[in-house]
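> coords please:
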Amino acid sequence: MNAIKTFYKKIFSEKIRINNRRKLKKLNGLFLKGNNVYCNCCKQSFSRFLDKSNGIDIRKNAECPNCGALERTRVLFEFLSNETDLFFKPNSLLHIAPEDALKDIFKKSTNLRYINGDLNINFADEEMDITSINYPDNTFDYVICCHVLGHIPDEKKAIDELFRVLKKGGKALIQTPIHPINNTFENSDFKTEEERLNNYGEKDLLRLHGQDFQEKLKRENMLIEKIDYRNKIDNDLAKKLSVGNGYRELIFLCQKI
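Numbers count the residues shown, from 1 in each chain. Prediction:
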């Protein structure tokens, strides 16, 4: 099996492999026709969503087979649609490590000046280092950064950069896995993927954020609010959207003052 994977990687570029995975998921969707669940990002209904594994746990009913939206993505999109003016007036938006489901929506929004970036150019339109964002101070009305900060060695610098490029009055929306009880756990002795997987829950995480994450975001010119928007979604719709258990779906709304 490893030999086959190695051969596959040799003959196909990473970009082609990424597109192939997306096509395979959409193919799976053809066998999931039904109305039990609904993806608000692509407006498609299915009998169920695809399961999602991070290497340890398997999350049932997690990923939309059509657009790839996860529980956190559907919750965030519901918040953006109902609680912000993102789609209703001219806005500039920086999207870090863009989720495909949201990227497609933002690109079609004629009111947005939309920039997206990732350290890996195969996942975004621009190659971008979150610790050194190549845009001037006070550039963007909105910044979206989901499930990224736990992977960044210099997390403090990354947060400073996100807030630096935000306009006064602008809003950054940040998501990250949050332990329901403990504070942030980080140990630089964890060097291998197996150690990180066993201790953080994902093989490429450098820390597992906890109850002190809101404090880590605080800056002199920023207002920080933790929002569990799952609780504001109608129960029937929340069930259809499969909004998760709150471990990955919390929204940290950061407004520059």
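> For the residue nearest the centre of the chain, which non-adjacent residue is spatially closest?
The centre of the chain sits closest to residue 146, judged by C-alpha atoms, centre = their mean, with a distance of 3.3 Å. For residue 146, ignoring the flanking residues on the chain, the nearest one in space by C-beta to C-beta, 6 or more residues apart in numbering is residue 175 at 4.1 Å. The way it works is simple: take the backbone N, C-alpha and C, and place the C-beta from them, glycine included.
> Least confident secondary structure element in the chain?
One helix or strand of the chain scores below all others by mean pLDDT, DSSP states H and E: helix 2-11, with a mean of 64.
> From the chain's centroid, how far away is stretch 139-154?
With C-alpha atoms, centre = their mean, to the nearest Å as the basis, stretch 139-154 stands 9 Å off its chain's centre.
> For the residue nearest to residue 146, give me its contacts.
Taking C-beta atoms under 8 Å, 6 or more residues apart in numbering, we find residue 175 in contact with 72, 76, 145-147, 248-252.
> among these, which are in helices?
Using DSSP state H to define helices, the subset of the contacts of residue 175 located there is 72, 76.
> Going by distance to residue 13, which of the contacts of residue 175 wins?
residue 147 (24.6 Å; C-beta to C-beta).
> Surely that closest one is in contact with residue 73?
No: Residue 147 is beyond contact range of residue 73, at 9.8 Å (criterion: C-beta atoms under 8 Å).
> who's more crowded, the two?
For residue 147 versus residue 73, the count of surrounding residues by other C-beta atoms under 10 Å is larger for residue 73: 26 against 19.
> Can you give me the pLDDT of the more buried one?
In this model, residue 73 is scored at 98, pLDDT.
> now do the one 3 residues further on
pLDDT for residue 76: 98.
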